[in-house]
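Chemist: Got a sequence here, can you model it:
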Amino acid sequence: MLQANAGYAQPTEAGRLEARLRRPLTPSSRLQVLDSLCAAWEPYDINRAIHYGQRNLRLARQLAQPAAEVRALNRLGRCYVAVADYLTARQLYDQALHLAREANNPDGIASTYSHLGALHYYRNDTISAWRNFRRALQLLPEPGVQPRTRVKVLSNSSDLLFETHQPGRARQLGEQAVQLAEPLHDMEPAIKHHLNLGLLAVEQQQPATALRELSASVVLAHQYQRPGHEAAALLELSSLHFQQNNLPQALTEAQRALRLAQNWHDRERVLSAYDLLAEIYAAQGQYPTAYQWRMLYQDLNDSLNERRQLTTLAAWESRYNLRDNEQQIRQLTQHTQHQTTRNRLLLLFLGVLTLALLGAGLLYWQLRRSRQALVRNHLALREANLQVARLAAAKDRLYTIVAHDLRGPVTAFAGVAELIEFYHRENNEEGLRSLPALVRQSAGGLNHLLDNLLHWAVMQSGELQPQLEPLEAGELLQECAAIYATLAHARHLTLTVELLPARLYTHADRNMLRTILRNLTGNALKFTPAGGSVTLSARPEADRIVFQVHDTGTGMTATQVEQILTPSSLPQPPAADRTGTGLGLALCRAFITRLRGTLRLVSVPGTGTTVQVRLPAA
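Modeler: Down below sits the predicted model:
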């Protein structure tokens, strides 16, 4: 996992820093405390971290300290990356890079490139991530680059290369980071390097090497009091023992990892520990205990998902409020400056009025200009109020959509709970074994909704650009069918893929096309009764590839088809007779337009629906 700092601060450290902030401090000391508070609160309360980051940035600008401003911009950018607001984070990093170049600050430039690389990494854009890390690596020989920046750049670059399966170069950079970090008494690069080597050995099926490297990571993390890294290494070590069927050792290490993660308030690793313990107890045949751990996993996972959504929405709202306040402050400042200038002119004209009639004419002209400016300001204020009202209405509609579609997956989870109680009462072991598939199916539906919402939000921000490449149609259709095979089986539906003998290639973005096929297939399965069938196919047509999803469901009227194909900026709120918000189809329309394709829908009530997507051939 790429990281931009040495580790998370404890909440007690944040409290100590806040107490220090309330005492009289020099401006430089206040900058340092605000920066540390932003880092301390980032893992626990992102909105509080953003608050201190914004205060730190304002103070750095007031003191006219470019180096401190670059650090504040990068720190605040990390916070917005944590809530997936990549557009704001990218804007902050661009400001930091521009400022560092103007100040000829190689340390700031290298650090900003490293942060940009981490941003692209979290967006799964490894090509852009490596491009920025490579730029940072080229700056490391510069005399102004600090040792800690060198360590961070080398360590993060090594992590990325390990994850993109380039072990030779990754090992070299990781060893350099370890050597540079030793004089700084920073053992985190060594801990991460041993962990990466262990994971690489697991992938290469070298259990002895994996056991040695992961154990070394655990020992170093424990010795130098890095509980977060120790928990991560213990989880990987437990998973390795589980794969080797060494269940007692796997159980011991998973329990140690859970205790460390709980003490460190690391909910993500607590979640991973719950999942691993459930699998271990299930493998030992202790199904009641495994079921208890699985329920803890489900409860914490739901809580984390809800917390991420609320945190993201709050951070976005804070960002919009901040921008609105800054705009109002700029307008008031400009108005005050104009008012001051106008008052000076009026005083001058009044003095001239006592000497000649020309002063009266000039004063009259100035008053007319003031009236026109007042009218223009009034019109601008009214337009701004209308824009705020439109934004509020759009936000309320989006909240309605989220609340409506979350109800379905939550109801599915409630149904699974009732099945668990029924099978447990009837002592039906076969039924209990079928429950994980139902849980995965319900979780898949919820993840699919969140994926659609995230894609929609990113698309509306203008950040989502298609990455076009030749794609094989059969591979994509088979992948889509595999995803929905369990759902089709559970609903007693036949899901088939029909392909021509020849391999067909289209020129499109892989993730966008996957989203289109998943949404269309999911809708077909949703509206097809038990015993029906859904068929996925692809065929060439001139210079196009036609993807087709055909179902034998209930079908639609011509009016319903027209409503579905009518574009809109945001899906309408759910009606009483609808089971979805239309967000998936809205995404399909937008993605097909960006891929230079067309959408056609043919449906007859009672006989089924056929959806065709025409995309350029490769």
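
Chemist: Just give me the neighbour total for Ala590.
Modeler: Using other C-beta atoms under 10 Å, Ala590 is surrounded by 18 other residues. All C-beta spots, glycine's among them, are computed from the backbone N, C-alpha and C.

Chemist: Quick check: which element contains it?
Modeler: Here Ala590 sits within helix 583-594, counting by DSSP states H and E.

Chemist: what's the pLDDT at the one residue sitting closest to the centre of the chain?
Modeler: For the chain, the residue nearest the mean C-alpha position is Ala84 (3.6 Å; C-alpha atoms, centre = their mean). Note for Ala84: predicted pLDDT of 81.

Chemist: Next: Leu355.
Modeler: As predicted, Leu355 sits at a pLDDT of 81.

Chemist: how about it, phi and psi?
Modeler: phi -100, psi -30 (degrees, to the nearest 10).

Chemist: quick one: it from Gln255, how far?
Modeler: Separation of Leu355 from Gln255 (C-beta to C-beta, to the nearest Å): 94 Å.

Chemist: more crowded one of those two?
Modeler: Of the pair Leu355 and Gln255, Gln255 is the one with more neighbours under other C-beta under 10 Å, namely 16 against 8.

Chemist: Now do the same contact list for the residue nearest to that one when sequence neighbours are not counted.
Modeler: Nearest residue to Gln255, sequence neighbours excluded (C-beta to C-beta, 6 or more residues apart in numbering): Leu277, at 7.4 Å. By C-beta atoms under 8 Å, 6 or more residues apart in numbering, the residues touching Leu277 are 251, 254-255, 258, 290, 293.

Chemist: Against Asp266, how distant is Leu277?
Modeler: Distance from Leu277 to Asp266, counting by C-beta to C-beta: 16 Å.

Chemist: what's the answer for Thr289, then?
Modeler: Separation of Thr289 from Asp266 (C-beta to C-beta): 23 Å.

Chemist: Next: Gly532.
Modeler: Here Gly532 is placed at a distance of 46 Å from Asp266 (C-beta to C-beta).

Chemist: Only the buried residues of whichever strand or helix holds Leu513, if you could.
Modeler: Per DSSP H and E: Leu513 is located in helix 510-526. By 16 or more other C-beta atoms under 10 Å, the buried positions in helix 510-526 come out as 512-525.

Chemist: Please state the offset of it from the chain centre?
Modeler: Mean-position distance between helix 510-526 and its chain equals 21 Å (C-alpha atoms, centre = their mean, to the nearest Å).

Chemist: May I have it as PDB, with CA atoms only?
Modeler: Output in PDB follows, covering the C-alpha atoms of helix 510-526 (Å, rounded to 0.1, in the frame of the first residue of the first chain):
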ATOM      1  CA  ARG A 510     -12.400  -1.500 -20.800                       C
ATOM      2  CA  ASN A 511     -13.900  -0.200 -17.500                       C
ATOM      3  CA  MET A 512     -16.700   1.800 -19.200                       C
ATOM      4  CA  LEU A 513     -17.700  -1.200 -21.400                       C
ATOM      5  CA  ARG A 514     -17.700  -3.500 -18.400                       C
ATOM      6  CA  THR A 515     -20.000  -1.100 -16.600                       C
ATOM      7  CA  ILE A 516     -22.300  -0.900 -19.600                       C
ATOM      8  CA  LEU A 517     -22.600  -4.700 -20.000                       C
ATOM      9  CA  ARG A 518     -23.000  -5.300 -16.200                       C
ATOM     10  CA  ASN A 519     -25.900  -2.700 -16.000                       C
ATOM     11  CA  LEU A 520     -27.700  -4.100 -19.000                       C
ATOM     12  CA  THR A 521     -27.300  -7.700 -17.900                       C
ATOM     13  CA  GLY A 522     -28.400  -6.900 -14.300                       C
ATOM     14  CA  ASN A 523     -31.500  -5.100 -15.600                       C
ATOM     15  CA  ALA A 524     -32.400  -8.100 -17.900                       C
ATOM     16  CA  LEU A 525     -32.100 -10.500 -14.900                       C
ATOM     17  CA  LYS A 526     -34.100  -8.200 -12.700                       C
END
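
Chemist: quick one: average pLDDT of it?
Modeler: pLDDT averaged over helix 510-526 gives 90.

Chemist: That helix relative to helix 583-594, how many degrees between them?
Modeler: Orientation check (axes from the mean of the first three to the mean of the last three C-alpha atoms, to 10 degrees): helix 510-526 against helix 583-594 gives 140 degrees.

Chemist: just checking, what packs against helix 510-526?
Modeler: Under the contact definition 3 or more C-beta pairs under 8 Å, 6 or more residues apart in numbering; DSSP states H and E, helix 510-526 sits against helix 429-461, strand 468-472, helix 473-490, strand 533-541, strand 544-551, helix 583-594, strand 608-616.
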